[in-house]
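1. Sequence and predicted structure, then a few things I'm wondering about:
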Amino acid sequence: MSYSDFEGKVILHSWGRFRATVTAATKVGDLLNFAGALADGNSTTPGLNATCVACQDGAAADEIWVALAAEIGKKATIATGGVATEGTHGGAIDTVLYLSDTAGKLSENVGTVIAQPCGLCVSTTKVMVMPGCPSVFILPAATLAAAPAGGTGATAGAYDSAANRDIMIAAVNGMLTALKNLGIIAKA
């Protein structure tokens, strides 16, 4: 069975709590960036990687408690007759969770643009969320193509056609975008 995000998260423990103003409706356990927006693994906008986790629900423009790390649990359900069933998120112990393409959520799958480890299943009912981990921006496969061979003698391996030069330009532009999104190169 695989991890599935769930409603009704409960913060069991949190570390590095502070107050932040959120820019959108937020639920307990949502992943946020330092600007208060829902973090999104499908965003090419710099700074939208996850940096903290919401410790309470909030509407847009509310100031809520957030934390740098939190242990989150899933509530038990009570059936007819008072029989309690322990809540499970479906993930196996030690499953690494990533920032999802669904804004603010965790997933077993890496995002489309950002591969950011943000949590770990510590049991079938609890998740340790640590969204400050470094992000890796995923470049399209076309920008990662190996340098084409070409030419002879002194020009061996050179970009000897317009198509090959276009591949190189796309690769350089992809790397520049990734470095800008990581904040390593200033965005002009």
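-> The structure has been received and is ready for your questions.
2. tell me the mean pLDDT over stretch 122-134?
-> For stretch 122-134, the mean per-residue pLDDT is 88.
3. Can you mark which positions in that stretch are buried?
-> 122, 123, 124, 125, 126, 127, 128, 129, 130, 131, 132, 133 (16 or more other C-beta atoms under 10 Å). In this view, the C-beta of every residue, glycine as well, is placed from N, C-alpha and C.
4. Beta-bridge partners for the fifth one, please?
-> Which is residue 126. residue 73 (DSSP bridges).
5. Quick check: it touching residue 13?
-> No - look at residue 126 against residue 13 with C-beta atoms under 8 Å: they stay out of range, at 9.8 Å.
6. hey, what's in contact with both of those two?
-> residue 71 (C-beta atoms under 8 Å, 6 or more residues apart in numbering).
7. Against residue 112, how distant is the most centrally placed residue in the chain?
-> Using C-alpha atoms, centre = their mean, the residue of the chain that lies closest to the mean C-alpha position is residue 99, 2.2 Å off. Counting by C-beta to C-beta, to the nearest Å, the separation of residue 99 from residue 112 is 11 Å.
8. shared neighbours of the two, anything?
-> Joint contacts of residue 99 and residue 112 (C-beta under 8 Å, 6+ apart) are residue 41.
9. Residue 5: what secondary structure?
-> Three-state call for residue 5 (DSSP: H, G, I helix; E, B strand; the rest coil): coil.
10. Let me see the contact set for the closest residue in space to it that isn't next to it in sequence.
-> Nearest non-adjacent residue to residue 5, counting by C-beta to C-beta, 6 or more residues apart in numbering: residue 105, 4.7 Å away. Each residue near residue 105 by C-beta under 8 Å, 6+ apart is listed here: 5, 30, 31.
11. on that earlier part again, list the contacts of the residue nearest to the centre of the chain.
-> Neighbours of residue 99 in contact, by C-beta under 8 Å, 6+ apart: 31, 39-41, 49-50, 106-107, 111, 114, 116, 118, 131, 135.
12. give me phi/psi at residue 129?
-> Main-chain dihedrals, residue 129, degrees, to the nearest 10: phi -110, psi 120.
13. residues contacting the nearest residue to it once chain neighbours are set aside?
-> What sits nearest to residue 129 in space, not counting adjacent residues and going by C-beta to C-beta, 6+ apart, is residue 119, at 4.4 Å. By C-beta under 8 Å, 6+ apart, residue 119 lies in contact with 96, 97, 106, 127, 128, 129, 130, 131.
14. now residue 38
-> Residue 38 makes contact with 23, 24, 26, 30, 31, 32, 103, 104, according to C-beta under 8 Å, 6+ apart.
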